[in-house]
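S.K.: Model the following, please.
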Amino acid sequence: MATLIRNKLSNAATSVSNKSQAKVSGMFARMGFQAATDEEGLGFAACDDLDYEHRQAVQMDILKTDDVGVGATGEPMAEGDSHYQRDGTGPPPSASKDDGMCAELASQDRPKITAWEAGWNVTNAIQGMFVLGLPYAILHGGYLGLFLIIFAAVVCCYTGKILIACLYEENEDGQLVRVRDSYVDIANACCSPRFPRLGGVIVNVAQLIELVMTCILYVVVSGNLMYNSFPTLPVSQKSWAIMATAALLPCAFLKNLKAVSKFSLLCTLAHFVINILVIAYCLSRARDWAWDKVKFYIDVKKFPISIGIIVFSYTSQIFLPSLEGNMQKPKEFHCMMNWTHIAACILKGLFALVAYLTWADATKEVITDNLPSTIRAVVNIFLVAKALLSYPLPFFAAVEVFEKSLFQQGERSIFPNCYGEGGRLKSWGLSLRCALVVFTLLMAIYVPHFALLMGLTGSLTGAGLCFLLPSLFHLKLLWRKLLWHHVFFDVAIFVIGGICSISGFIHSMEGLIEAYKYNIND
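M.R.: Numbers count the residues shown, from 1 in each chain. From the prediction side, this is the model:
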């Protein structure tokens, strides 16, 4: 009898213990300290390439009730007590329809990319069309502008590495385990437990601003290039921008980027060819280079704008967590970051210096506008084609963030779902996409200043995503493990980045107000 009573008391204590562990673990999970199980995490990653969808699936799994299930060993297991590990351990996936679908997709081998392929993606991000504005940065910064091209490469490489370090934590065995999957996950972890979703909102807003501004810059540069390629035609820059936007309206119907991605490699190769043509023309005029025009002093009013231009040309941090998570050998990430940023630094520095030496004080916002009319039209037409083909990428990403934030969060959505049965986009959802395209057109028409917009974006979101947030998150999440020089670097980057961001934003806004006030079109 005593044995029976003892067994019942023991079972009751075990049940209470399991329940309390489940509730405590579930509470910590809601605060952002834990993520989904290994199988579920892999299933979510296989369901969609976008970090946002992965994040929403993880949050949905975390918010499940604390019901007690049965583990593989037959012991009771609290569903709230989930551990995100990639060593194959952890509880089995639930038998729900959604989890079963994700588990089925997770069982398929998802292709991974090599370090060279990852480096190619990073190179595409930091060696795009916006290097055309770097000679204009040298115009107002001189040798200090060249130094900043090197400095920005070093800092962006470092912040990219520490951002990836924030994705990992040590387990009980002292091994690094990936517990987060995106920039937003890192931000949410830093703001937990008081504001578990505030960090994600801030990062999403910054990302949305940067993506929309990138779309606007593509329309601005298209109108600018076409206007300067055919100055004799009775067509204004605004009219060229309207025609470019008309060609971009089909982007509102995009469901995926398969059709667009086929042109990405061709566009990148064409851009490299254009850069080579510009450099070749500059080298042909090497005997006329104006070395005496490269200054050691700076234009105090215009130089902060140059800082924003340089920073914006290096922005890639928002894509790095997803890129590193899809590498065959994540340990090669640091090496990949080193050689891509060294190559970008050398190419950008040479391109900016050679172009400025050729045209000196006559350097324009978009350097191809300085080319002779005989070759300017051909080069600019290729650049316009590249800009129009590049527009769908940031546009589609901005639409994804916008739709998932406002329309596809289930009961937490502010507005009803914009997709109907079978994934068909509703008419009002299509209207919102068209409105976004028109918004980029209106901004490009009323603010047709490539360099000023690029400097404003780099100062506002580029510095935040590349300098401020990575250093702040690194200090917050890994403070106990950082050496003194890491703390010094992080604090220095945060302070310098903050000063550059504020000054660049103020001077860019002043430049835009002055240009609008005096109706300056070039």
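
S.K.: Only C-alpha atoms from now on, for both contacts and neighbour counts.
M.R.: OK.

S.K.: ok, the nearest residue to residue 167 once chain neighbours are set aside - contacts?
M.R.: Among residues not flanking residue 167 along the chain, residue 180 sits closest, at 4.8 Å (Cα to Cα, 6 or more residues apart in numbering). Applying Cα atoms under 8 Å, 6 or more residues apart in numbering, we find residue 180 in contact with 35, 166-168, 186.

S.K.: where does residue 180 fall, helix, sheet strand or coil?
M.R.: coil (DSSP: H, G, I helix; E, B strand; the rest coil).

S.K.: how close does it sit to residue 369?
M.R.: 45 Å (Cα to Cα, to the nearest Å).

S.K.: where along this structure do the strands fall?
M.R.: 68-70, 76-78, 168-170, 176-178 (DSSP state E).

S.K.: Of all residues in the chain, which one is nearest the centre?
M.R.: residue 318 (2.7 Å; Cα atoms, centre = their mean).

S.K.: what's the distance between it and residue 324?
M.R.: Residue 318 is 11 Å from residue 324, by Cα to Cα.

S.K.: what do you get for residue 462?
M.R.: Taking Cα to Cα, one finds residue 462 at 20 Å from residue 324.

S.K.: Look up phi and psi at the residue nearest to residue 167.
M.R.: For residue 180, the backbone dihedrals (degrees, to the nearest 10) come out as phi -130, psi 160.

S.K.: What score does it have for pLDDT?
M.R.: The model reports residue 180 with a pLDDT of 92.

S.K.: any idea how far residue 308 is from it?
M.R.: 30 Å.

S.K.: Please apply the same query to residue 330.
M.R.: From residue 330 to residue 308 the distance is 31 Å (Cα to Cα).

S.K.: Compare those two and say which one has the larger neighbour count.
M.R.: Comparing residue 330 with residue 308 by other Cα atoms under 10 Å, the one with more neighbours is residue 308, at 30 against 15.

S.K.: quick one, what contacts the more buried one?
M.R.: So residue 308 contacts 454-459, 462-463, 500-501, 504 (Cα under 8 Å, 6+ apart).

S.K.: Closest to residue 430 out of these?
M.R.: residue 457 (27.0 Å; Cα to Cα).

S.K.: ok, now how distant is that closest one from residue 206?
M.R.: 10 Å.

S.K.: Show me where the stretch 251-400 of the chain dips below the pLDDT cut-off.
M.R.: In the predicted model of the stretch 251-400 of the chain, residues 256-266 satisfy pLDDT under 70.

S.K.: Where does pLDDT dip in this protein?
M.R.: 1-110, 256-266, 407-423, 425, 519-522.

S.K.: max-length helix in it?
M.R.: Scanning the chain for the helix with the most residues, using DSSP state H, yields helix 484-517.

S.K.: List the buried residues in it.
M.R.: Within helix 484-517, the residues scored as buried using 16 or more other Cα atoms under 10 Å are 486-487, 490-491, 493-494, 497-498, 500-501, 503-509, 511-512, 515.

S.K.: can you check stretch 378-389 too?
M.R.: Those buried within stretch 378-389 under the rule 16+ other Cα under 10 Å are 379-380, 383-384, 386-389.

S.K.: hang on, isn't residue 387 packed against residue 216?
M.R.: No: the pair residue 387 / residue 216 is not scored as a contact, 10.7 Å apart, by Cα atoms under 8 Å.

S.K.: need the contact list for residue 394.
M.R.: 211-212, 214-215.

S.K.: re the thing from before, the residue nearest to residue 167 and residue 156, how far apart?
M.R.: 21 Å.

S.K.: swap in residue 333?
M.R.: Relative to residue 156, residue 333 is positioned 14 Å away (Cα to Cα).

S.K.: do residue 392 as well
M.R.: Residue 392 is 25 Å from residue 156, by Cα to Cα.

S.K.: same question, residue 439
M.R.: For residue 439, the distance to residue 156 equals 31 Å [Cα to Cα].

S.K.: Then residue 235?
M.R.: 41 Å.

S.K.: Run through the residues that contact residue 444.
M.R.: Residues counted as contacts of residue 444 (Cα under 8 Å, 6+ apart) are 216-217, 219-220, 238, 241.

S.K.: Same check on residue 363?
M.R.: Applying Cα under 8 Å, 6+ apart, the residues near residue 363 are 135-136, 139, 356, 370.

S.K.: more crowded one of residue 235 and residue 156?
M.R.: A count of neighbours by other Cα under 10 Å puts residue 156 above the other of residue 235 and residue 156, at 24 against 12.
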